[in-house]
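Student: Predicted model and sequence below, questions to follow.
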Amino acid sequence: MGIPADYEDRVYAGVLGKIIGVYVGRPVEQWSHQAIMERVGPVNYYCHEQLGKQLVVPDDDISGTFTFLRALPDHGNTLDLTPGQVGETWLNYIIERRTILWWGGMGASTEHTAFLRLKAGVAPPASGSAETNCRVVAEQIGAQIFTDGWGMVSPGDPEQAADLARRAACVSHDGEAIHGAQVVAALVAQAFVERDTSRLLDTAVAQVPADCTIARVVADVRKWREKDDDWLATRQRMDDVYGYAKYGGGCHIVPNHAVIILALTYAGDDFQRALMIGTTAGWDTDCNVGNIGCIMGVKLGLEGINAGPDWRGPVADRLYLPSADGGRVVTDAVREADEVVRIGRALAGEPAEPPKDRARCHFERPGSVQGFVPEDSPECRGVAAVENVAGHSEQGERSLAVHYRGVAPGRSARVATATFLSPDRLQTHGGYGLMASPALCPGQTVRARVRLADDASGPVECSLYVRFYGAEDRLAMLRGETVELAPGAAHVFQWRAQAPQGRPVAEVGVEVASAARADGTLYLDWLDWSGAPEVLLAPPDGDGVAWQRAWVDAVDRAGCGSAPEVYRLVQNRGRGLLIQGTREWAGYQATVEVNAHMADAVGLAVHVQGLRRYYALLLRRGGRAELVRFLGGEETVLASVELDWQLDETHTLSLSALDGMLTGTINGATELAAEDAALTSGAVALVCEGGRAQFGAVAVAAC
């Protein structure tokens, strides 16, 4: 049918609906309907504060959905995507027992079970089949909670969405779990072109066998809805026929799929009512309401979300995607929607046109703030507010309005977006895991365009700034150049960001200051950063743990100390990586001193895009050095040399990647070089295989 004219905004609405639904349902996850009614009542809005919980949280529903979708761009954005390639995507981005999945153990967690199968070499679909894992395990809910993305990249094409969903779902699930995932993916896809709930359901259920249980669930709920005209009565019928007492395991697909159909059939075009029914009905609330929110978001668009209470303000577009791609963990709904759009357009053979020259923060989606919130420090509290508005953009149609009132000496307006974990997250290790790397590093160039409103009360001083983790992990501030702006004036900032050694950048933002009282509006057109970092990844002067949390830990045991053993890695079996940086790093060189105390191989990796996509310079036990590429589950030796090295010796490794040319040196003398352009950018990593190794500080600089 071609890409809809409003595709970008509808995808954004779908992403927002997904994360809002998860945040609404998460505080009462796995509660019974009765418990919810007794303790909370009908859930018409966020209830996290009432239950003493956080709103924006890492969750497998969100991280799995948007991480597993990367199977498409990582494998060429082709409709020939195979289950094996989706399984490879699992192995590349999932850090065992730490990210994305619920790690409940073999036979208890379906996804953990499938991951262990994949790791042991069991290929899909056997990795998720009922024959391998038993039917109860294979028919839990996981495939459905990860399925929305396949619908969003298939606008108006439910057959394609269901087909992609089947290929992805069979990695970990089988039977009715696959059918449920296909129906939800088809609902999302068809919602781009159809608003009538009855016709939506007809189209979606046609994608699965007519005699399957999921098809029967859909038919029964629709029939009961017509008889009852009361969602509570229909919910009781569902519990009697399809409830948890009828289906085994911790979280079976059938009861929870019924909740989705219940909410859709009773909500009509009411986003809030759909989320209320899905949450108040109980069972796996974050999963179900995440799916419901995505379907309704795509179907109704941003107007449908905005029609009820303020769902968007408290969220401010924020979400987490914890995985081995640490620089993508702290992200926002606009950025993830942009990625979905790029994939969807590629599958349709249409070019993507990223707003404002691919600026990371472009504010082109109505109402978007991309994580920008006013600073709440004593000198800034109550001074600023943010609002997405039409106009005031040089290349686009919208901008972020920073409204300020009462700016004066000692009272500044500051708004910023997170680039790393917030202070309250530094000590958080539980749940679904929240490891991350800073998205912005010293040495990178931050650029932004601002314009002061014509009706501002007078000139102001404006600057870019970062806040970084200082002493005792308290946030400290560094400003770039300060520019005086007169009303109606515009300026493009270009600033090479800085921070002290070992002090990760937590936020980047814009400040408005004045020597006399000032009121008005500053428009932020766009903000972006790029370039190779210039940074020494080493302990800071003073205490704090932020510098350690900046590493994505994919080794069995990692310790951080001081020179010469800044990093100690222990990997019991196989290969482990300690990763820092972002997928966008390119044209850089990394250098480190390494001592293989007792290890089969040690090394340094660049252009790291997960656990199974990188280049590495390795010292192998037995007297050999190799320059390798790991991609698609296979390691290719690009260059090698015999080298007389011994355990417990210290060697300096350096590896650069620039324009498809890889150059590695050992102790400044032995050189290995190769041309390979399969991976054009990525993070840096320390590599330890089968033993213990120590590493010094890691220097990263532009080539």
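Tutor: Nice, thanks for sending it over. Predicted, not measured: the structure shown is a model, and the values here were computed from it.

Student: center of the protein - which residue?
Tutor: The residue lying closest to the centre of the chain (CA atoms, centre = their mean) is residue 321, at 2.6 Å.

Student: give the contact list for it.
Tutor: 62-63, 66-67, 328-329, 331, 336 (CB atoms under 8 Å, 6 or more residues apart in numbering). The C-beta positions use only the backbone N, C-alpha and C, and glycine is treated the same way.

Student: who wins for neighbours among those residues?
Tutor: Among the contacts of residue 321, residue 62 has the most neighbours (other CB atoms under 10 Å), with 30 neighbours.

Student: which SS class is that one?
Tutor: When classified by DSSP: H, G, I helix; E, B strand; the rest coil, residue 62 comes out as helix.

Student: how about the strands in the stretch 301-450 of the chain?
Tutor: Using DSSP state E, counting those that start in this stretch, the strands of the stretch 301-450 of the chain run over 318-320, 330-332, 373-374, 384-390, 398-407, 413-418, 445-452.

Student: Dump those strands into JSON lines; add distance to residue 107 as well.
Tutor: Formatted as JSON lines, the strands of the stretch 301-450 of the chain follow (distance: least, CB to CB, whole Å):
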{"stretch": "strand 318-320", "distance to residue 107": "28"}
{"stretch": "strand 330-332", "distance to residue 107": "33"}
{"stretch": "strand 373-374", "distance to residue 107": "43"}
{"stretch": "strand 384-390", "distance to residue 107": "47"}
{"stretch": "strand 398-407", "distance to residue 107": "49"}
{"stretch": "strand 413-418", "distance to residue 107": "38"}
{"stretch": "strand 445-452", "distance to residue 107": "49"}
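
Student: Tabulate those strands in CSV, adding columns for distance to residue 257 and mean pLDDT.
Tutor: Formatted as CSV, the strands of the stretch 301-450 of the chain follow (distance: least, CB to CB, whole Å; pLDDT from 0 to 100):
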stretch, distance to residue 257, mean pLDDT
strand 318-320, 24, 97
strand 330-332, 29, 98
strand 373-374, 36, 98
strand 384-390, 35, 98
strand 398-407, 38, 98
strand 413-418, 35, 98
strand 445-452, 45, 98
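
Student: Tell me how the protein divides into domains.
Tutor: Listed domain ranges for the chain are 7-326, 358-530, 551-702 (source: automatic domain parsing).

Student: Most tightly packed of these?
Tutor: domain 7-326 (a mean of 22; mean count of other CB atoms under 10 Å).

Student: wait, what's in contact with the nearest residue to residue 550 once chain neighbours are set aside?
Tutor: Excluding the flanking residues, the one nearest residue 550 by CB to CB, 6 or more residues apart in numbering is residue 504, at 4.6 Å. Contacts for residue 504 (CB under 8 Å, 6+ apart) come out as 420, 438, 468-469, 546-547, 549-550.

Student: From residue 32, how far off is residue 504?
Tutor: Separation of residue 504 from residue 32 (CB to CB, to the nearest Å): 42 Å.

Student: Can you tell me what sits against the one helix or strand in the chain whose mean pLDDT sits lowest?
Tutor: Between all helices and strands in the chain, the lowest mean by mean pLDDT, DSSP states H and E belongs to strand 557-560, at a mean of 92. Outside strand 557-560, the residues that touch it by CB under 8 Å, 6+ apart are 539, 547-548, 551, 566-571, 578.

Student: Nearest to residue 686, out of the contacts of residue 321: which one, please.
Tutor: Within the contacts of residue 321, the smallest distance to residue 686 is 18.8 Å, found for residue 329 (CB to CB).

Student: ok, and the closest non-adjacent residue to that closest one?
Tutor: Spatial nearest neighbour of residue 329, chain neighbours left out: residue 436 (3.6 Å); criterion: CB to CB, 6+ apart.

Student: That neighbour contacts residue 324, correct?
Tutor: No. Contact criterion CB atoms under 8 Å: residue 436 and residue 324 do not qualify, at 11.1 Å.

Student: For the nearest residue to residue 497 once chain neighbours are set aside, name its beta-bridge partners.
Tutor: Nearest residue to residue 497, sequence neighbours excluded (CB to CB, 6+ apart): residue 446, at 5.1 Å. Going by DSSP bridges, residue 446 is paired in beta bridges with residue 495, residue 529.

Student: Quick check: residue 446 touching residue 529?
Tutor: Yes. If you go by CB under 8 Å, residue 446 and residue 529 touch, sitting 4.5 Å apart.

Student: Ignoring the adjacent residues along the chain, who's closest to residue 2?
Tutor: Of all residues not flanking residue 2 in the chain, residue 348 sits nearest, at 7.0 Å (CB to CB, 6+ apart).

Student: Could you do residue 195 as well?
Tutor: Closest to residue 195 by CB to CB, 6+ apart is residue 299, at 5.7 Å.

Student: Check the secondary structure at that neighbour for me.
Tutor: Criterion first, three-state DSSP; result for residue 299: helix.

Student: Which neighbours in the sheet does the least confident helix or strand of the chain have, and how are they oriented?
Tutor: The sheet places strand 557-560 alongside strand 567-580 (antiparallel), with pairing taken from DSSP bridges.

Student: any idea of the mean pLDDT in the partner strand?
Tutor: Averaged over strand 567-580, pLDDT sits at 97.

Student: In PDB, list the C-alpha atoms belonging to stretch 546-561.
Tutor: Only the C-alpha atoms of stretch 546-561 are listed here, as PDB (Å, rounded to 0.1, in the frame of the first residue of the first chain):
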ATOM      1  CA  ALA A 546      30.200   6.600  38.000                       C
ATOM      2  CA  TRP A 547      33.400   5.900  36.000                       C
ATOM      3  CA  GLN A 548      33.000   2.200  36.700                       C
ATOM      4  CA  ARG A 549      29.300   2.200  35.700                       C
ATOM      5  CA  ALA A 550      30.200   3.800  32.400                       C
ATOM      6  CA  TRP A 551      31.500   0.300  31.300                       C
ATOM      7  CA  VAL A 552      29.100  -2.300  30.000                       C
ATOM      8  CA  ASP A 553      30.100  -5.400  31.800                       C
ATOM      9  CA  ALA A 554      29.900  -8.600  29.700                       C
ATOM     10  CA  VAL A 555      32.600 -10.600  31.600                       C
ATOM     11  CA  ASP A 556      32.200 -13.100  34.400                       C
ATOM     12  CA  ARG A 557      34.000 -10.800  36.800                       C
ATOM     13  CA  ALA A 558      35.200  -7.300  36.500                       C
ATOM     14  CA  GLY A 559      37.100  -5.200  39.000                       C
ATOM     15  CA  CYS A 560      38.300  -1.600  38.800                       C
ATOM     16  CA  GLY A 561      41.200  -0.200  40.700                       C
END
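
Student: Next one: the residue nearest to residue 497 relative to residue 681, how far apart?
Tutor: From residue 446 across to residue 681, the span is 18 Å (CB to CB).
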